[in-house]
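In: Predicted coordinates and the sequence they were generated for:
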Amino acid sequence: MRSVLLRVVVNCGAGSVEGEEIASQRSEITEAFSAAGAGADVAFVPGHDIDRALTEAIAAHPDAVVVAGGDGTLGTAAAVLRDGDVPLGILPLGTFNHFAKDLGMPLDVGEAAAAIVAGEVRRVDVAEVNGRCFVNNSSIGLYPILVAHRDEIRERRGWGKVRAAPGALWHVVRRFPLRRLTVVAGSYRCRSRTPFVFVGNNRYEIGPSGVGERTSVTGGELCLYVARAASRWKLLRMAATAVLMGATKVPDLDEQCSDEITVDAHGHRVEVALDGEVTTLRSPLRYRTHPASLPVMFTPAAGPVGAAPFAPSDPAGVDAHPVSS
């Protein structure tokens, strides 16, 4: 059996990576892959340099390019690795790690390294808006404002994301900004003043069985939610009803799935959240899906969480060849 060679790119700005810990984390990552039977060349790079580091890593023709960071970093990696032959491995070192959780990846570094080395390559969907890739979701309205204010609090007070979130949430609920948008998804068309528009890379669960988990990462569709609640109290009531009874039971929440979605802010630039990071894009926003475009190398966790994103009869989601073969 040949040795497995990996290139590991670590985002120095990820949620759990700090400058004073880089040396110890480099040793931890190297030892984790060594214990799993793989050699790992580990590079720590700042967030703005991730593109270049990933391109250089691919040029070395490794068995996989492993990205250590959060969901925003993985969205950047997806843009570089999409439609290629070099698979992505994930070390979840971000704050929330939604993509890793949806794949059923363990969050412990040693266990994640073992899951990558012993894993198979599976191709998952990537979404895009105006040329910017994301792996989880995108939103307009309340959430980008919340993230921007949360990051302002973090910078001013030196807090982490979790600690800064309640103050940012109160700020957003108190202001309750509305955007006048026209949204088109297939036969669906809506023009209204809305507190938020949410576009998921595949369908998200909203209801008694769960909130915020995806039923698939290989469904080849975008899932759109448009809130038509014009006041904070209606929004809170809408959210409670959606959690207790399901999104389809909420008259003020439109749900539609399509392979393309357009959001028009009528000539204005729009703050958009992509995998938890905020950027400003020019309207109209044109969303599209790229089914089975991203090769990812991992071993899903046992049980429904790890198994759910991949339907057994879905050949597009599986390119079954172990990295260690």
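Out: In hand now; what should we look at?
In: quick one: the helices in the stretch 1-150 of the chain?
Out: 22-35, 50-59, 71-81, 98-103, 109-117, 142-157 (DSSP state H, counting those that start in this stretch).
In: can you redo these as JSON lines with mean neighbour count?
Out: For every residue, glycine as well, the C-beta is placed using N, CA and C. Formatted as JSON lines, the helices of the stretch 1-150 of the chain follow (neighbours: other Cβ atoms under 10 Å):
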{"stretch": "helix 22-35", "mean neighbour count": "16"}
{"stretch": "helix 50-59", "mean neighbour count": "17"}
{"stretch": "helix 71-81", "mean neighbour count": "25"}
{"stretch": "helix 98-103", "mean neighbour count": "23"}
{"stretch": "helix 109-117", "mean neighbour count": "23"}
{"stretch": "helix 142-157", "mean neighbour count": "18"}
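In: can you list those in TSV and add distance to Leu285?
Out: As requested, those are exported to TSV (distance: least, Cβ to Cβ, whole Å):
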stretch	distance to Leu285
helix 22-35	37
helix 50-59	22
helix 71-81	16
helix 98-103	21
helix 109-117	33
helix 142-157	12
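In: Quick check: bridge partners of the closest residue in space to Glu221 that isn't next to it in sequence?
Out: The shortest distance from Glu221 to any non-neighbouring residue, by Cβ to Cβ, 6 or more residues apart in numbering, is to Cys257 (4.7 Å). Beta-bridge pairing for Cys257 (DSSP bridges): Cys223.
In: domains of this structure?
Out: Per automatic domain parsing, the domain ranges recorded for the chain read 4-118, 133-289.
In: For the last one, give the mean pLDDT please.
Out: The reference is to domain 133-289. Per-residue pLDDT over domain 133-289 has a mean of 87.
In: and it, how far apart are its ends?
Out: End-to-end distance for domain 133-289, by Cα to Cα, to the nearest Å: 10 Å.
In: how distant is it from the center of its chain?
Out: 14 Å (Cα atoms, centre = their mean, to the nearest Å).
In: if we can go back for a sec, check contacts around the residue nearest to Glu221.
Out: For Cys257, the contacting residues are 185, 203, 221-224, by Cβ atoms under 8 Å, 6 or more residues apart in numbering.
In: do that again at 7 Å, thanks
Out: 203, 221-224 (Cβ atoms under 7 Å, 6 or more residues apart in numbering).
In: if we can go back for a sec, can you tell me which of the helices of the stretch 1-150 of the chain is nearest to Met297?
Out: helix 109-117 (5.7 Å; Cβ to Cβ).
In: the inter-axis angle of that closest one versus helix 22-35?
Out: Interaxial angle, helix 109-117 versus helix 22-35 (axes from the mean of the first three to the mean of the last three Cα atoms, to 10 degrees): 50 degrees.
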